[in-house]
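S.K.: Just a sequence and a predicted model for now, questions to come.
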Amino acid sequence: VRTGEMSVVVENVLKARDNIAQLAARFDGYVVSSSIWGEEEEMRGWISIRVPDEKFELALTELRNLAIRVKSESTSSQDVTEEYIDLQSRLKNAEATEKQYLALLEKATDVEDILRIYEHLSQVRQQIEQIKGQMQYLERTASMSMISVSLEPQATTKPLVRAGWSALEALKSAVRGLVRTGQVLGTIAIWLIIFIPIWGTILGIILWRRRRKKT
């Protein structure tokens, strides 16, 4: 059973994830699981695929070609031959026991004996199904190697200005300030226009009285 792990830097995390999924399908494999998190420059991803064991090395080569840079890579293998042989032996013994119970069942005449044999026979058949399932799992994992890939975006160039400052945002802020100033001045002008007749009348009366006092 062979497995591989890679950590790679890519231009676009989403596109790289999709390309790896297509690679798995092209090699008669499939995606086991995948995950994407973060937004824009902070986006990260992870995908795990299975490919036929005979295409394991070729798949690793293709994955390297998809990356801008490979940060780390590791492969490992586990020999399950001994475990598989042990399961074969257990299966053989369980099937032999099943035959013995079937032979006893044919000869049994007492109801209690028949029920007891059925109970033991059911347990043995359950063991047989479990052993077969474990053997099938080992067969599948040995024939389909797993490769897990961690995806990181390409590092962006550091900005020439301090973090948090934006020329566009500064321009927008200045425009908003200009608009607000214009609104205030316009409001003042409207008030002046509306109240000029009143203020003019009051000012005219004050000036007329002062002139009368002088005369």
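M.R.: Nice, thanks for sending it over.
S.K.: Which residue ranges of the chain form helices?
M.R.: 13-26, 56-66, 81-107, 111-143, 167-214 (DSSP state H).
S.K.: closest to W46 out of those?
M.R.: Closest approach to W46 among the helices of the chain (Cβ to Cβ): helix 13-26, 8.6 Å. Bear in mind the C-beta positions are built from the backbone N, C-alpha and C, glycine included.
S.K.: who does that closest one touch, helix- and strand-wise?
M.R.: For helix 13-26, the packing partners by 3 or more Cβ pairs under 8 Å, 6 or more residues apart in numbering; DSSP states H and E come out as strand 30-37, strand 44-52, helix 56-66, strand 144-153.
S.K.: Could you rerun that using 10 Å?
M.R.: Helix 13-26 is packed against strand 2-10, strand 30-37, strand 44-52, helix 56-66, strand 144-153, with contacts defined by 3 or more Cβ pairs under 10 Å, 6 or more residues apart in numbering; DSSP states H and E.
S.K.: Dump the helices of the chain into TSV; add distance to W37, mean neighbour count and mean pLDDT as well.
M.R.: Below are the helices of the chain laid out as TSV (distance: least, Cβ to Cβ, whole Å; neighbours: other Cβ atoms under 10 Å; pLDDT from 0 to 100):
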stretch	distance to W37	mean neighbour count	mean pLDDT
helix 13-26	10	17	93
helix 56-66	20	16	93
helix 81-107	36	13	90
helix 111-143	28	14	89
helix 167-214	27	10	71
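S.K.: Same list (the ones you listed) but as TSV, adding distance to G38.
M.R.: Converted to TSV, the helices of the chain look like this (distance: least, Cβ to Cβ, whole Å):
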stretch	distance to G38
helix 13-26	8
helix 56-66	20
helix 81-107	40
helix 111-143	31
helix 167-214	23
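S.K.: Relative to E42, which of those helices is closest?
M.R.: Here helix 13-26 is closest among those (Cβ to Cβ), at 9.9 Å.
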